[in-house]
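S.K.: below are the sequence and a predicted model; questions follow.
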Amino acid sequence: MVTALVLAAGRSRRFGTLLKPLLRCGDTSFLGAILDTLAGSRVDDVRVILGHEADRVIDAVAVPREMVTINHGYEAGMLSSVQHGIRVLPRETTAFVVWPVDHPLVRVETIDRLVEEFVRAAPPLVLPLHDGRRGHPVLFSADLAAELMEAPAADGARAVVRAHAADRVEIAVDDPGVIADIDSPEAYARAFGRPPESRH
């Protein structure tokens, strides 16, 4: 069973009063786009980790309540949300996809390739590559949960990715969305050709 952990708990400080999960992405929002992609993918289950203004996000995107889990310690950073998500993984989970909400443009086929590689070879983790650059989301074997729970706060999940340089799998994908980290107004303008705006 593959579970997706969508990380959408932070304050989005660079965007001022706009919430990153609610930024416009086509006809939907960042979070809405990711949930739509996951719904069409081979992922079996989804957990959305919220924190800052969680109720506003839930109401705006109509996130099913059974998908939502609240990280009350989100101020500690992204690793805290990864660790919170690990704590609420379904018992049957064999791998989990860690997907930051500021990567809303990733395609369904990319997610499916990550899952297919895990099903085929069961590596400890699978990363997408585009133009030689590693991107997001990353699929982790459930066997790495303990390592992520003990990762140093300064490095976060990157420390675990580095520790498995010899046995991780990197898959080249024709998907610029994996390296489109839309985490600032400038990055939003580059991606969409306009200043950031909220979908809701």
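M.R.: Looks like it arrived, so ask away. For clarity, every value in this text was computed on a predicted model and none was experimentally measured. Numbers count the residues shown, from 1 in each chain.

S.K.: pretty sure residue 126 is touching residue 169, no?
M.R.: Yes. With contact defined as CB atoms under 8 Å, residue 126 counts as touching residue 169 (4.8 Å). Yep, even glycine has a C-beta here, placed from its N, CA and C like the rest.

S.K.: pick out whichever of these two has more residues nearby.
M.R.: Taking neighbours as other CB atoms under 10 Å, residue 126 and residue 169 compare with residue 126 leading, 25 against 17.

S.K.: distance check, residue 176 against residue 106.
M.R.: According to CB to CB, to the nearest Å, residue 176 and residue 106 sit 9 Å apart.

S.K.: which of these two has more residues huddled nearby?
M.R.: Ranked by neighbour count (other CB under 10 Å), residue 176 and residue 106 place residue 106 first, with 26 against 15.

S.K.: chain neighbours aside, what residue packs nearest to the more buried one?
M.R.: Excluding the flanking residues, the one nearest residue 106 by CB to CB, 6 or more residues apart in numbering is residue 177, at 4.1 Å.

S.K.: hang on, the one you found packs against residue 102?
M.R.: No. The pair residue 177 / residue 102 is not scored as a contact, 11.1 Å apart, by CB under 8 Å.

S.K.: can you point out the buried residues in stretch 24-35?
M.R.: Of all the residues in stretch 24-35, those buried under the rule 16 or more other CB atoms under 10 Å are 24, 25, 28, 29, 30, 31, 32, 33, 34, 35.

S.K.: and that stretch, how far apart are its ends?
M.R.: 14 Å (CA to CA, to the nearest Å).

S.K.: ok, and what's touching that stretch?
M.R.: 6, 8, 20-23, 36, 46, 48, 57, 60-61, 63, 99, 101-106, 182, 192, 196-200 (CB atoms under 8 Å, 6 or more residues apart in numbering).

S.K.: give me the buried entries from those residues.
M.R.: For the contacts of stretch 24-35, buried by 16+ other CB under 10 Å: 6, 8, 20-23, 36, 46, 48, 57, 60-61, 63, 99, 101-106, 182, 192, 196, 199.

S.K.: ok, back up a step: please narrow the contacts of stretch 24-35 to those residing in strands.
M.R.: Of the contacts of stretch 24-35, the ones assigned to strands by DSSP state E are 6, 8, 46, 48, 99.

S.K.: mind listing the helices for the chain?
M.R.: 30-39, 54-61, 78-87, 108-121, 145-149, 157-163, 185-192 (DSSP state H).

S.K.: I'd like those helices as TSV, with mean pLDDT and distance to residue 93 appended.
M.R.: Output for the helices of the chain, formatted as TSV (pLDDT from 0 to 100; distance: least, CB to CB, whole Å):
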stretch	mean pLDDT	distance to residue 93
helix 30-39	97	15
helix 54-61	94	23
helix 78-87	97	9
helix 108-121	97	12
helix 145-149	97	9
helix 157-163	94	16
helix 185-192	96	31
